[in-house]
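Peer 1: quick one, structure for this:
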Amino acid sequence: MKALSLKSVVFVFAVLFTMSFSAKAEATPVEGNSNTWLGNYTLVPSQKAVSINGKEYQAWILTYEKGGQKVIIAIDKKKKGENFIVKTDRFEMEYTNSEDGVGVKQISPSYATIDNDRNYGKVDDTQFGYQKKLTIGIKEDNEVLGIIACYFPRLLKKEYQYVLN
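Peer 2: Numbering: from 1, shown residues only. So this is what the prediction gives:
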C-alpha cells in the first residue's frame with residue numbers, strides 16, 4: 001500500500017475546507033427591508049432545484065414579514081448574465097442581470113406558467129416602466145435578489161396586492 005504524501009493530505013483537507021465553507025456561504029439568508037407594505041424580507045436558498053416547464057433551476061425562497069405568500073426566485077445562468085424568474089401561484093415576472101444592468105421584463109414563454117392576459121392584467125404599467133433599468137452593470141446574485149425583493153411587490157396594481165399577502 002502506497003503512503004500518502006503530506007502535500008496530498010494537505011490538498012485534500014484544503015479542498016474539503018473550501019467546499020464546506022462555500023456551501024455555508026451559499027446558504028446564508030439574504031435579509032432586508034423591502035420599503036413596501038410587506039415590511040422586511042428574507043431570502044433563503046431552496047433545498048432542491050425548482051422545475052419550470054420541465055427544466056431544473058437553482059432557486060431561492062422569498063418571504064415577507066407581512067405577507068403570506070412564498071415567492072420562488074429561480075436563476076437561469078446564461079453566457080452573459082442571468083435571468084431571475086420570480087413566481088407565485090398567481091403572478092410571475094422576469095428580471096435580467098447583465099452588463100446592461102438589472103431590470104424587469106415580461107416573462108419569456110419558456111418560463112411562463114400563467115396565462116399572459118391573467119398575469120399582465122395585474123401589472124402597474126408605470127412601475128413596469130420604472131423597473132426596466134434599475135442598475136448599471138452586472139451585479140452579484142445576492143445584490144440582485146435584494147433588489148428583486150424590494151421592487152417586485154411594486155409591480156402589482158393596488159387592487160392586486162393581495163397576491164402577495
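
Peer 1: and the strands in the protein?
Peer 2: For the chain, the strands defined by DSSP state E occupy 30-33, 40-45, 50-52, 55-64, 71-78, 81-87, 92-98, 101-105.

Peer 1: so what's the residue nearest to residue 114 when sequence neighbours are not counted bridging to?
Peer 2: Excluding the flanking residues, the one nearest residue 114 by C-beta to C-beta, 6 or more residues apart in numbering is residue 92, at 5.4 Å. Placement of C-beta: from N, CA and C, glycine included. Counting by DSSP bridges, residue 92 is bridged to residue 87.

Peer 1: what does residue 33 give?
Peer 2: Under the criterion used (DSSP bridges), residue 33 bridges to residue 40.

Peer 1: count the residues that sit near it.
Peer 2: Residues near residue 33, counting by other C-beta atoms under 10 Å, number 12.

Peer 1: sorry, back to before: so for residue 147, which of the strands of the chain sits nearest?
Peer 2: Proximity to residue 147 (C-beta to C-beta) singles out strand 101-105 among the strands of the chain, at 5.6 Å.

Peer 1: so who does the residue positioned nearest the centre of the chain touch?
Peer 2: The chain has residue 73 as the residue nearest its centroid, 3.6 Å off, counting by C-alpha atoms, centre = their mean. Residues near residue 73 by C-beta atoms under 8 Å, 6 or more residues apart in numbering: 43, 59, 60, 61, 62, 84, 85, 86, 87, 145, 148.

Peer 1: ok, and the closest non-adjacent residue to it?
Peer 2: Leaving aside its chain neighbours, residue 73 sits nearest to residue 60 (4.6 Å; criterion: C-beta to C-beta, 6+ apart).
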